Every structure is written in C-alpha cells, then in structure tokens.
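Asker: got a sequence here, can you model it:
(one chain, ligands or ions: 1)
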Amino acid sequence: MAEATQAARFAMRIFSGIQPSGGLTLGNYLGALKRFVEKQEEGIEAIYCLVDMHAITVWQEPEKLRHATREAAAGFIAAGIDPERSILFNQCQVTAHAELAWIFNCVARMGWMNRMTQFKDKAGKDKEAASLGLYAYPALMAADILAYHATHVPVGEDQRQHLELTRDIAIKFNHDYGVDFFPVTEPLIEGVATRVMSLRDGTKKMSKSDPSDMSRINLTDDADTIAQKFRKARTDPEPLPETTEGLEDRAEARNLVNIYAALAGVDAVQVLAEYGGQGFGVFKPKLADLAVSALSPISAEMGRLMQDPGEIDAILGRGAERAEAIARPIMERCYDIVGMVRSRRTG
Ligand code: TYM
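Answerer: Numbers count the residues shown, from 1 in each chain. The predicted model follows:
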C-alpha cells in the first residue's frame, strides 16, 4: 500500500506504552517519556498507556503492580504529560486491547513469534516455564497500537522488532480480509538516547528488571543516590576523547556521554567539545549535577502526586473513557470485517 494513500486515510496519531513492572528508569525517561512530552508540545494527538496487562506476562505482586501503575502515571504527569491534552490511562480499563489481541493471535504466525528476540531474552534458558502471555506479548502490543489506528509510535531501540511485527500484522490483516483498515505504523526511534545502557555494563540495556539497582537511575532516586550511582558507574581509565570516533570501542564512556547529551538537549559532539581530554573524575560529577537538576523536580512532583492516589485513579479513569471512545468503533468495525455476528442488545 502506498504511503501517500495511507497518509491520506489516517490522520497522524501517536500511541505508546510503558510497563508498570517496577519503577521508571532514566532509560524510560530519555528513550520514551521525555520524547512523549515533546510530541505533546508539537500538538500531535497522543495516547499514552500504562500497559498493566503486559506487565503480568511475568509474575507481579498485586499490591506492587497497583502501586507501580499509579507511580508510573505520576511519573508521566510529573514529566510534563498533561492528561487533558494527551490521553493517559492503564490498559486493563479498555477491553479493546484484549479483544483485538485475540484476533491478532489468529493473524500472526508462529514463525513470526519465534523470531522475537525479547521473548528469548526474557524467557531465558527455561522456555517451557515461560507464560503463554509472554510469548503472545507482541500481538497484544500490536493490538494496543492498532486499536486506535495509531500511525506513529515513539519508543526506544529495543522495541523496533515489535513494531516491525505490528506492521506485518496490519499488512496481513488488510491482505487476508481484502481491506485497507489498519494503518502500517511508523516507529519513531529518534535522538541520542534511544538505547541507554546499564551503568555497570555498557553492553547491556539499562532496565528496571536488572537485579542490581546500581545499574540504573530510577526516577524516584534522591540526589545523593544519583550522584553515587554515577560516581560508581563503570568506566575505563582513559580521558574522554575529542571526537565521537574515539568512543567507538568504549561502550561505557559512550553511554555516559550520550546520557549527558540527552539530558542537556545537545549532541555527543557538543559534549566532547566541552569535555574532550578530561577524565571521568571531572565529567561524572558534572553529569550527576545535570541529572539531579533534570530529575529532582520530577521525583518531587511524583512524590506530591502519590499523596493522592484517588486523584491519579480518577485521571486514569477519565483517560480510559476517552481511549474507549476511540477504540470501540474501530473494534466494532473490525468484528464486522472478520465476520462476527453481534446481536446482543445494549443499553
Ligand atoms: P518498556 O516498559 O520496557 O519500556 C518503555 C519505553 O521505554 C523505552 N526504554 C528505553 N529507551 C532507551 N534506553 C533504555 N535503556 C530503555 N529501556 C526502556 C522502551 O523502548 C519503551 O519505549 N513493549 C513495551 C511496552 C508497550 C508498548 C506498546 C510500547 C506495550 N504496548 C505499544 C509502544 C506501543 C515495553 O515493554 O516497554
């Protein structure tokens, strides 16, 4: 299908999601949240979802899940998402996600799912013990996006393969049913922080599921903790290079420079123009100061919002109603296309 035809048929609409499977990290913030706020400021219609149904593909303590969902919502709002302008809600409150996921389970092929690297990483050695949900996860993710006919999805680099699968599912659905119904979604993977790495190992992604808390900065970390984590971040003994080529075989140094660049809103070249030739003894405290000045107002505001969980729930509820109003008619049309009889009287 020509992109021009698609563009004409589908108005630009953004969808993205974050799992409330623990606290938000600096990786989530720089790779996703900060960019969600930029998109909102560009005036693009945007839907942001706390994907609680994705979170339970691995075991979650119910009380912790509830807390993490509210805390992530607080993180979105504290980072600058305005729940009046953008739609902010949690996934389980809009049933279209689960409904469309089932249809996509019947569209996606086993061979496609078998190629998903994130399943392999998360399931680890004992694949037999992984949940069926973890395996089917990317079909639910496609449903999240396509239930809103979203055209653009801002994410970090680690989600690229899932977004390719989303495109494949849309194309196969449209082809099998002879329709032009689902848009072929564009990933938006932009900026210097599309893959923030662990502070302990520059070859691993910074992740909320890493057993070492020293590997990540959490949005709820206080100033001292942030400073200590950067001070102890693994690096090499060389000073910073003058040019970005000098970062090529230095994963840890490159990561810290990229984090600095993303926080300062500049690129790596500009960071090296200022710090090239300096050691980490100089650079790390500057990086910590920058991170504290960017993150402290967010964590303070999160703390304030978490004083009133009822208000957070009310915001998520209103967001879910607005999300439902978009997804329901799309879901109904989808059932018609598939050939489902729906004759139950409603209302
Ligand atoms: P999740 O919850 O793992 O991460 C949420 C977002 O943060 C980005 N991210 C990172 N970016 C840069 N560096 C990092 N170290 C880093 N860690 C995480 C992720 O790329 C993501 O954008 N499957 C998704 C959630 C999801 C979703 C969706 C996303 C469910 N449905 C529909 C977009 C559209 C996930 O597990 O993200």
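Asker: which parts of the stretch 201-347 of the chain sit against the ligand?
Answerer: Residues of the stretch 201-347 of the chain found near the ligand (C-beta under 6 Å from any ligand atom) are Lys205, Met206. Placement of C-beta: from N, CA and C, glycine included.
Asker: now the residue in the stretch 201-347 of the chain that the ligand sits nearest to: phi and psi?
Answerer: Across the stretch 201-347 of the chain, the shortest distance to the ligand (C-beta to the nearest ligand atom) belongs to Met206, at 3.9 Å. Main-chain dihedrals, Met206, degrees, to the nearest 10: phi -70, psi 130.
Asker: and if you look at Phe76?
Answerer: When quoted as degrees, to the nearest 10, the phi and psi of Phe76 stand at phi -60, psi -50.
Asker: check contacts around the residue nearest to the residue of the stretch 201-347 of the chain closest to the ligand when sequence neighbours are not counted.
Answerer: The spatially closest residue to Met206, leaving aside those adjacent along the chain, is Gly27, at 3.9 Å (C-beta to C-beta, 6 or more residues apart in numbering). Residues near Gly27 by C-beta atoms under 8 Å, 6 or more residues apart in numbering: Gly156, Ala193, Val196, Lys205, Met206, Ser207, Arg216.
Asker: with Ile189 instead?
Answerer: By C-beta under 8 Å, 6+ apart, Ile189 lies in contact with Pro154, Val155, Gly156, Glu157, Gln159, Arg160.
Asker: how far away is it from Met331?
Answerer: 28 Å (C-beta to C-beta, to the nearest Å).
Asker: what are the buried residues along stretch 62-72?
Answerer: Leu65, Arg66, Ala68, Thr69, Arg70, Glu71, Ala72 (16 or more other C-beta atoms under 10 Å).
Asker: among the contacts of Gly27, name the buried ones.
Answerer: The neighbour-count criterion (16+ other C-beta under 10 Å) marks Gly156, Ala193, Val196, Lys205, Met206, Ser207, Arg216 among the contacts of Gly27 as buried.
Asker: helices - which of those land there?
Answerer: Among the buried ones among the contacts of Gly27, no residue falls in helices (DSSP state H).
Asker: reformat these as CSV; add distance to Leu146 and pLDDT.
Answerer: Output for these, formatted as CSV (distance: C-beta to C-beta, whole Å; pLDDT from 0 to 100):
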residue, distance to Leu146, pLDDT
Gly156, 20, 97
Ala193, 27, 94
Val196, 28, 98
Lys205, 26, 96
Met206, 29, 97
Ser207, 26, 95
Arg216, 31, 98
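Asker: in strands only, show me those residues.
Answerer: Of the buried ones among the contacts of Gly27, none are assigned to strands by DSSP state E.
Asker: ok, back up a step: which of the contacts of Ile189 are buried?
Answerer: Those of the contacts of Ile189 that meet the buried threshold are Pro154, Val155, Gly156, Gln159, by 16+ other C-beta under 10 Å.
Asker: show me what contacts the first one?
Answerer: Contacts were defined as C-beta under 8 Å, 6+ apart; by that measure Pro154 touches Ile14, Ser16, Ala32, Arg35, Phe36, Lys39, Leu188, Ile189, Glu190.
Asker: what's the answer for the third one, then?
Answerer: By C-beta under 8 Å, 6+ apart, the contact list for Gly156 reads Gly27, Gly31, Ala32, Ile189, Ala193, Thr194, Arg195, Val196.
Asker: can I get those residues in JSON lines with distance to the ligand?
Answerer: JSON lines is the format used below for these (distance: C-beta to the nearest ligand atom, whole Å):
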{"residue": "Gly27", "distance to the ligand": "3"}
{"residue": "Gly31", "distance to the ligand": "2"}
{"residue": "Ala32", "distance to the ligand": "4"}
{"residue": "Ile189", "distance to the ligand": "8"}
{"residue": "Ala193", "distance to the ligand": "6"}
{"residue": "Thr194", "distance to the ligand": "6"}
{"residue": "Arg195", "distance to the ligand": "5"}
{"residue": "Val196", "distance to the ligand": "4"}
